[in-house]
Structures are given as C-alpha cells and as structure tokens.
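> everything below, folded, please.
(chains A and B)
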Amino acid sequence: MTIKGKAYIAGIYEHPTRHAPDKSTAQLHAEVAKGAIEDAGISKDDVDGYFCAGDAPGGAWPMVDYLGLNTKKLRHVDSTETGGCSYIIHLGHAAEAIAAGKCSIALVTLAGKPRTGAMPPRAAGAEVDFESAYGATTHNAYGMCAMRHMHDYGTTSEQLAWIKVAASHHAQYNPHAMLKDVVTVEDVLNSPMISDPLHRMDCCVVSDGGGALIVTTPEIAKSLKKPLVRLIGHGEAMKGPRGGKDLDLTYSAGVWSGPRAFEEAGITPKDIKYASIYDSFTITVLMQLEDLGFCKKGEGGKFVTDGNLISGVGKLPFNTDGGGLCSNHPVNRGGMTKIIEAVRQLRGEAHPKVQVKNCDLAIAHGTGGLLGVRHAASTAILERV
Amino acid sequence: MSEVKKYPAPVTNPETAAFWDAAKEGKFMIKRCTACGEAHYFPRSICPFCYSDKTVWEQASGEGTIYTWSLMRKSPTGPYAIGYVTLKEGPSVQTNFVDCDLEKLKIGQKVKVVFKPTDGAPLPFFTPA
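Okay, here's the model as predicted:
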C-alpha cells in the first residue's frame, strides 16, 4: 500500500498579508480557503475532507461550521497538531484518506496573527515542571543546536549566513516579502547576536497570514485546469531526548521522515530540482539538508556556501519565495508556505527570476516544535505530471 | 539581575512529587530502572526504554558536563543561558547556567547542580564546578 501518485495538489493559496490587525484569525482561514478553492476551480460545497491544526480557532468542528463547509458531504476530518510541519503531515494524511476512499476533495487551512498579538500558549506536556522555568524559546533552542553543530563539525557563522543570503536573493523578486533587500554574509554577521551563536539575520520573520491547499484524486485533478502536481512520497517522524538518553541536537527527525518519503517516491535527493526547506533559522535549513541526504552529516556548511542554494546560481535552489527568513512565517508555522512554493515551482508559476527550468521533482520539508527540545518532521516529494 | 529573578514554582504531581520533596532537602534525584539498569530524566514511573514499572529513585551526584548552551542576550528578566548537562550518571537534562560569567560557558565544561528557591519546591540549575 502506498500513497504514491494517489493524490494531487489541485489548489494553492498564500495570503498576501503579512500584518492583519484588521482581520480575525477565523476570517484569515476563510480567506485562504476561498483562495485555494478558487485556484483549484472547484466549489466549496464539493469539499468532503477538512484538515487543520492548532492555529484553527476552536479546532476542527468550529472551523467546519464557521467556514460553511457542506456537512452533508464532509466525511473526513484530521486536526493533527505537529506545529509548523502540521500541514505537510496533513498533505500526507489527506493522500492516505483519498487513497482509502475516505474523501475526494480535501481542504487544508492555516492562518493566524502572531505579529498582531501574542499567540495563546500551548498546553503543557509531562515535562513542564522540569523544563518550563528554563525559558526555552525558538531562538535559544535552535541556538543550542547550532552551538553543538559547530562544536562537532566545525560549522561556522559565515556558512550559516549563506543560507540567509540565498533567501534574500530570492525575496527581492517577491512583492509580498517582508524583507526584500539582498544581504551579504557580512550583513548577517554584523546583525545583533540574539541567542548565541545565532544573529538576528539567522532568524525568520514574524508575520500574520496563512495559506491553504486543495488535495484531490487523480481523476478530479485531471478534470480541472491547473498543471498537474502529485504527491509521490511522504514521511513523518518525531524526535526528543527520551529520558535524556537520546539527546543529540546535531540532527533532526528529518533523518527518518526524509528516507521514508524518498523510498516511497522511488527517487533520491540527487533527482530533486527544487527544495522547500523549513527555515525558521539558518541552522534549521543546514541540519535538514544533511538529514535529508543532500549532503553528508557535518558537511552542510560547505554545501550551502557560495550561493549553492540560489536559483540559477547553485545546485539546489531553495525557498524561492524568500522563505521564512525573508518573505513570511505565517503563525510561526512554515510548513504550508513550503508546500505552496514547491507547487508554484512545479507548475511553472514561480517568479521568472527564480523559476527553476524543467522543474519536475520538488521536495517540501518541515519541522514543528523545537529542534533543540522535542519536535516533529515531515517530508513530501512532489512531481509534475 | 539574575539574583532577583523569580522562578515559577513546580506544580508537581503524584508521579514526580518525590523529586520535589528531595529537592527541598537539596538532593537532585533521577530515576533508574531496576529491570534494564538505565537511568533517565525527567522522572517517569514507567521506564521509557524497557517499559518496566520497576523504576526507583536514586540520588544523583549532581555533577556533569555541558552538552550545549545558548546565551539569550535579551529577555524581560535579562540575559540567561539555557543548555543541556550530561550527568555523570548518563542522562542529559535541560537547565539554565547560573552564578557565573555566561559568556565564558564552554561545551564539555564541568558543572554541578545548585538549587534556586521558588514559592514552592526549589528548582535545579547548574553552575561551573
């Protein structure tokens, strides 16, 4: 049993807003749902599967009601919550549901407003008394990973900076990007230290916004007008310190989700023409590139140097929308926009300055939670048909 | 600044109450499984490695080495250094480093446990040995 080729991404929509103090979170969900439905060229009343995560106000049933989905038809829901990679997991779960005949048109939505106001806290885990006082935040949790990676492999701040440089080269062509200026390695190194060894420019932006997907059957996708993009491999995984015995912050759960996805797809990292890689921080990208097999463990620094991630310049064009480092990071959750830009590349709808030629195979990979504490990862391999 | 920092009191629960009772006496406890012999942290009643329920409390030496760290340069309560310490007994634990020059921390450095008061049970931190 495989989901290879069983589900197509027929609709995508990324909200253009980066700051939405004048809108409600539910409204943003509705706006991205409407956008993806219209992009696919289907009717809202045809949606029979709905997927959302912790950003959806109240969870699945209030959202299904608010969005006015057709409850006579809706027959599959999934509110898997794995932070920023929830939507990549939803894509895989939607494909599973479609392959099993449990739904035929799935809607996935993400939206929220962390730039306008503080996000509600996550429910505490069993570790709360043993960790919460120590102030783990995204910055320092990823800082701890970078510190250890540098210690073990000699990775440098200059190498990490190249990841931001590449993202900025792409962002200059994205009219919606929050940070459009092309930056240099020196700019990154000269930006203030936030949490050692990560500088401000090693960090992603904070933005309001959202995005949505329509995932459907091969038959329905072929009846629609959009270029055909299908899911051919998917993986998901989780990682944590497990009683303090398994602590190794130099790799992520991508080391397991990646091979699962590549095996299902029947391809290798060498076949990938474009990569959407979650970029909450520069170190996130570097570790995931290693974990996914684009280079050997410890050689990520060398791999990303000298513009190797810049479209038209390097061997592996990544995050051609500018990614989380420059464009947006809706709801502090980058998984959705990773899928959307990969689909744009496969459709040939990326900005002409960053469009990868003959882009027929792409990867969208993300993590959720904190790499330096405990987290999830998910990998999707997408193909243009 | 770090002298006046107020830390939240542990909520505690039946599974971990013994840890906090020991902390009040300045003891840093870990759990060890008598079936597989492995130590773990934070404490569970069921061993996370072999799933035996034969886990027992053990007073740890409180000594270890820095696995990694990161200095958060700004926060509402001032700079602080978060990190992990690999205990002599094996498990690695998340913590903050205190009572030292936070810019001079090093991976591999020897550290020891030190408790800081809260409104409830005291919390374990680490400082250079």
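> alpha carbons only for contacts and neighbour counts from here, please
OK.
> contacting residues for the residue most central in space within chain A?
Nearest residue to the geometric centre of chain A (C-alpha atoms, centre = their mean): A:Gly335, 2.1 Å. Counting by C-alpha atoms under 8 Å, 6 or more residues apart in numbering or on different chains, A:Gly335 touches A:84-88, A:278, A:364-367.
> return the subset of these lying in strands.
Members of the contacts of A:Gly335 lying in strands (criterion: DSSP state E): A:364-367.
> around chain B, which positions in the stretch 101-250 of chain A sit nearby?
When proximity is defined as C-alpha under 8 Å from any C-alpha of the partner chain, the stretch 101-250 of chain A approaches chain B at A:127, A:129-131, A:133-136, A:139-141, A:143-145, A:147-148, A:151, A:193-197, A:241-245, A:247.
> narrow those residues to those in strands?
Those of these lying in strands (DSSP E): A:193-195.
> Throw these into JSON lines and include pLDDT and neighbour count, thanks.
Shown next, in JSON lines, are these (pLDDT from 0 to 100; neighbours: other C-alpha atoms under 10 Å in any protein chain shown):
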{"residue": "A:Met193", "pLDDT": "98", "neighbour count": "18"}
{"residue": "A:Ile194", "pLDDT": "98", "neighbour count": "20"}
{"residue": "A:Ser195", "pLDDT": "98", "neighbour count": "27"}
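> the residue most central in space within chain B sits in which helix or strand?
Nearest to the mean C-alpha position of chain B, by C-alpha atoms, centre = their mean, lies B:Pro124 at 4.8 Å. Secondary structure assignment for B:Pro124, by DSSP states H and E: strand B:123-128.
> ok, B:Ala35 next?
Using DSSP H and E, B:Ala35 is not contained in any helix or strand.
> helices of chain A, start to end?
With DSSP state H, the ranges of helices along chain A come out as A:25-40, A:60-66, A:86-99, A:128-131, A:138-153, A:157-171, A:185-190, A:218-223, A:254-265, A:282-292, A:300-304, A:323-326, A:335-347.
> of these, which is nearest B:Tyr80?
helix A:138-153 (9.8 Å; C-alpha to C-alpha).
> which other helices and strands contact that closest one?
Judged by 3 or more C-alpha pairs under 8 Å, 6 or more residues apart in numbering or on different chains; DSSP states H and E, the packing partners of helix A:138-153 are strand A:193-195, strand A:198-199, helix A:282-292, strand B:63-72, strand B:80-87.
> the shortest one pairs with which strands, and in what direction?
Spelled out, it's strand A:198-199. strand A:193-195 (antiparallel) (DSSP bridges).
> now do stretch A:260-275, average pLDDT.
Averaging pLDDT along stretch A:260-275 yields 98.
> using TSV, lay out the helices and strands packed on helix A:138-153 together with distance to A:Asn358.
Output for these, formatted as TSV (distance: least, C-alpha to C-alpha, whole Å):
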stretch	distance to A:Asn358
strand A:193-195	40
strand A:198-199	36
helix A:282-292	22
strand B:63-72	42
strand B:80-87	45
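> what's the closest of those to A:Met1?
Of these, the one closest to A:Met1 (C-alpha to C-alpha) turns out to be helix A:282-292, at 23.2 Å.
> for that closest one, packing partners?
Helix A:282-292 packs on helix A:138-153, helix A:157-171, helix A:254-265, strand A:274-277, helix A:300-304, going by 3+ C-alpha pairs under 8 Å, 6+ apart.
> CA-only coordinates of the last one in CSV, if you can.
By that I understand helix A:300-304. Extracted C-alpha coordinates of helix A:300-304, given in CSV (Å, rounded to 0.1, in the frame of the first residue of the first chain):
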residue,chain,number,x,y,z
GLY,A,300,26.0,21.2,5.4
GLY,A,301,28.2,24.3,6.0
LYS,A,302,30.3,23.5,2.9
PHE,A,303,27.1,22.6,0.9
VAL,A,304,25.4,25.9,1.4
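> run through who's touching it.
Residues from elsewhere that reach helix A:300-304 (C-alpha under 8 Å, 6+ apart): A:155-156, A:159-160, A:162-163, A:286-287, A:289-290, A:295.
> swap in the third one?
The list of residues contacting helix A:254-265 from outside it, by C-alpha under 8 Å, 6+ apart, reads A:2, A:4, A:232-237, A:268-269, A:288, A:291-293, A:367, A:377-381.
> likewise for the longest one?
Counting by C-alpha under 8 Å, 6+ apart, helix A:138-153 makes contact with A:155-156, A:194-198, A:203, A:249-250, A:281, A:283-284, A:298-299, A:370-373, B:67-72, B:82-83, B:107, all of which sit outside it.
> what residues does chain B put near chain A?
Checking chain B against chain A by C-alpha under 8 Å from any C-alpha, the hits are B:7-8, B:10-12, B:40-43, B:48, B:67-74, B:82-83, B:90-96, B:107.
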